[in-house]
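1. generate coordinates for the sequence data below:
(2 chains)
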Amino acid sequence: AQSVTQLDSQVPVFEEAPVELRCNYSSSVSVYLFWYVQYPNQGLQLLLKYLSGSTLVKGINGFEAEFNKSQTSFHLRKPSVHISDTAEYFCAVSDLDGNKLVFGAGTILRVKS
Amino acid sequence: EPEVTQTPSHQVTQMGQEVILRCVPISNHLYFYWYRQILGQKVEFLVSFYNNEISEKSEIFDDQFSVERPDGSNFTLKIRSTKLEDSAMYFCASSEALVSNEQFFGPGTRLTVL
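-> The predicted structure follows:
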C-alpha cells in the first residue's frame, strides 16, 4: 500500500517569490507520482507527472518537480509565483498498474501581493 | 476542451435515503473512477470501472455503494441508504487508458446528509 505526506497544510508567500511545496511518499513497490491543483469550485487539474526517465519534471504554469528516490520525495517548485497560483495542491501516487491514485492531504498555497 | 461534468453540484438528502450522483466522462475515455473527500480530509479512492465492470474498489466502497454506466455517456454512483458520514465531496474522473494516463477530474458533487 502507498501513502503520501504533504508536510505543510498552508504555505503563504509573496507574489514573485519562489515556492516549494513538499511531498513525501511511502511505498513497497515502484510508483508513479503526480501533482494536481484545485482552484476554488473546480475539479482537480494535473500539473505534472513523473513516470520514468529524468527526475526533473516540468509541468504547466511554470511548475516543476524533482523525484528523489533515496529520499522518497517529489517536491513541487516554482521560481516566481503569481496571485493566480493561489489554490490547493495535491501530491498523489499510483502503483505501476495505474488503477487508482492515493492522495496527500493537500497544501493550500496563498500568494499575497 | 473536453471535460468531465458532474450533476448535481450540491445534493442535500435525509439519512437513509438513496442518492444517485451523475457524471459524464470525456467521450473517448475508457476508464472511470469515483473519489470522495470528506471535509478537511484527504481525497480517497472509491472505485474504478472499465469495460462495464468494477476493476478495483476500496474498503469504503461497501454494499451500500454501486456504480453503473447505464448508457454510452453517463457514469453513476448510487448510495443505497445514506449515512451522516457519507457527507463529502464526490469526484468523478476518467482516463483514456491506464498507466501513465492522466485522470481528468470533474468539479465534484457536494453531498450533505442530514
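2. give the bridge partners for the residue nearest the centre of chain B, please.
-> For chain B, residue B:34 is the residue whose C-alpha lies nearest the centre (Cα atoms, centre = their mean; 3.2 Å). Judged by DSSP bridges, the bridge partners of residue B:34 are residue B:47, residue B:92.
3. elements contacting whichever strand or helix holds residue B:56?
-> Assigned by DSSP states H and E, residue B:56 belongs to strand B:53-57. Packed against strand B:53-57 by the contact rule (3 or more Cβ pairs under 8 Å, 6 or more residues apart in numbering or on different chains; DSSP states H and E) you find strand B:43-50. Any C-beta I mention is one placed from the backbone N, CA and C, and that applies to glycine too.
4. related to what we said a few turns ago, send me the strand holding residue B:56 as PDB with only the CA atoms.
-> In PDB, the C-alpha atoms belonging to strand B:53-57 read as follows (Å, rounded to 0.1, in the frame of the first residue of the first chain):
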ATOM      1  CA  GLU B  53     -17.100  -4.000 -14.600                       C
ATOM      2  CA  ILE B  54     -15.500  -2.800 -11.400                       C
ATOM      3  CA  SER B  55     -11.700  -3.000 -11.700                       C
ATOM      4  CA  GLU B  56     -10.900  -2.200  -8.100                       C
ATOM      5  CA  LYS B  57     -12.700  -0.900  -5.100                       C
END
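5. and that strand, average pLDDT?
-> Per-residue pLDDT values over strand B:53-57 give a mean of 93.
6. stretch B:27-45 too?
-> Summarised as a single mean, pLDDT over stretch B:27-45 is 92.
7. give me the nearest residue to residue 96, chain neighbours excluded.
-> Unless you meant another one, I'm taking chain A. residue A:30 (5.7 Å; Cβ to Cβ, 6 or more residues apart in numbering or on different chains).
8. to clarify, I was referring to chain B.
-> Counting by Cβ to Cβ, 6+ apart, the residue nearest residue B:96 is residue B:29, at 5.3 Å.
9. wait, the one you found touches residue B:95, no?
-> Yes: between residue B:29 and residue B:95 there is a contact under Cβ atoms under 8 Å: 5.8 Å.
10. residues contacting the residue nearest the centre of chain A?
-> Residue closest to the average C-alpha location in chain A (Cα atoms, centre = their mean): residue A:35, at 3.5 Å. Residue A:35 makes contacts with A:21, A:23, A:46-49, A:59, A:63, A:65, A:74, A:76, A:89-92, as judged by Cβ atoms under 8 Å, 6 or more residues apart in numbering or on different chains.
11. tell me how far it lies from residue B:13.
-> 34 Å (Cβ to Cβ, to the nearest Å).
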